[in-house]
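K.L.:
A structural model of the following input is requested.
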Amino acid sequence: MENATYTQITRQSGLGAEMRAIANNIANANTTGFRAEGVTFAEHVSGLRGDHPSLSMATAEVRRTNMTQGGMEMTGGTFDLAIEGEGFFLIETPDGDRLTRAGHFTPNAEGDLVTPDGYRVLDAGGAPVFVPQGAGEIGIAPDGTISAGGAPIGQVGVFVPNDPLGMIREDGTRFRADGGVAQAPEARMMQGFLEGSNVNPVLQIARMIEVQRAYELGQSFLSNEDERIMGAVRALGQTR
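P.N.:
Residues are numbered from 1 along each chain as shown. Take a look at the predicted model:
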């Protein structure tokens, strides 16, 4: 395979990865707590033998998450919570503790505060948040303290990863922090609100058009290269 063709194929692969990320962003434009994802391209330069110039290739190897604050939507739900500022809720899953900004919670039959998937929400000490049934009117303070009838009964934890760059997205709204977590120092919790997605659909669609055009140009180049190579092969065959 010629260098020009190989270089173009790596570029096409990267553009395909970016297109998939954009499509996923658009699909989650209305998902609570969703964080938009992008692709970072890296340039790799390799020296060639003899007097040939170096070969440069671009690959999309890094996925990056946009941590910009999403818009706040008032729901009035007692256990709908949104975080203003940095920080995540910590939830308990079968695969370990995970971080999320999606704060649509409700007590289960046992009184544990859980996500729509049934995963328990953890408090500031890493234990499940428990809300006694029939406890009366529930209030949740900006620091996450839960009160029933004016008496504190628990506290929803807000955490940040020890290694923000090492945080790994597992699905639309859940992240894994292999480096561990720590309590967020300045986060503010809002009861009766949910944080929306931070995806800007207009910008995403505009970028999708740009990527699609670039991909089509790349495919046209590969087709022309294929025809050129096949023509050269046929010409060599005719000269023998």
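K.L.:
In a helix, Ala109, correct?
P.N.:
No: note on Ala109: no helix contains this position according to DSSP: H, G, I helix; E, B strand; the rest coil, which reports coil.
K.L.:
what's Glu37 in contact with, if anything?
P.N.:
Under the criterion of C-beta atoms under 8 Å, 6 or more residues apart in numbering, the contact partners of Glu37 comprise Ala21, Asn24, Asn25, Arg63, Arg64, Thr65, Asn66, Arg169. In short, each C-beta sits where N, CA and C put it, glycine included.
K.L.:
Which neighbouring elements make contact with the host helix or strand of the second one?
P.N.:
When you say that, I think you mean Asn24. For Asn24, the element it lies in under DSSP states H and E is helix 3-27. Based on contacts counted as 3 or more C-beta pairs under 8 Å, 6 or more residues apart in numbering; DSSP states H and E, the elements that helix 3-27 packs against are strand 37-46, strand 55-65, helix 201-239.
K.L.:
Now do the buried residues in that helix.
P.N.:
Taking 16 or more other C-beta atoms under 10 Å as the neighbour-count basis, helix 3-27 is seen to contain the buried residues Thr7, Gln8, Arg11, Gln12, Gly14, Leu15, Ala17, Glu18, Met19, Ala21, Ile22, Asn25.
K.L.:
Ok, stretch 97-111 next?
P.N.:
Buried residues in stretch 97-111, defined by neighbour count with 16+ other C-beta under 10 Å: Asp97, Arg98, Leu99, Thr100, Arg101, Ala102, Gly103, His104, Phe105, Pro107.
K.L.:
I'd like the next helix or strand past the helix or strand hosting Leu81.
P.N.:
Under the assignment given by DSSP H and E, the secondary-structure element containing Leu81 is strand 81-84. Moving toward the C-terminus from strand 81-84, the first helix or strand encountered (DSSP H and E) is strand 89-93.
K.L.:
Beyond that following strand, next helix or strand please.
P.N.:
Later in the chain than strand 89-93, the nearest helix or strand by DSSP H and E is strand 96-100.
K.L.:
Where does the prediction get shaky in this structure?
P.N.:
Within the chain, the stretches with pLDDT under 70 are 1-9, 41-62, 221-240.
K.L.:
quick one on the thing from earlier: make JSON lines from the contacts of Glu37 and add distance to Phe159 to it.
P.N.:
Putting those into JSON lines (distance: C-beta to C-beta, whole Å) gives the following:
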{"residue": "Ala21", "distance to Phe159": "26"}
{"residue": "Asn24", "distance to Phe159": "25"}
{"residue": "Asn25", "distance to Phe159": "25"}
{"residue": "Arg63", "distance to Phe159": "22"}
{"residue": "Arg64", "distance to Phe159": "21"}
{"residue": "Thr65", "distance to Phe159": "16"}
{"residue": "Asn66", "distance to Phe159": "19"}
{"residue": "Arg169", "distance to Phe159": "16"}
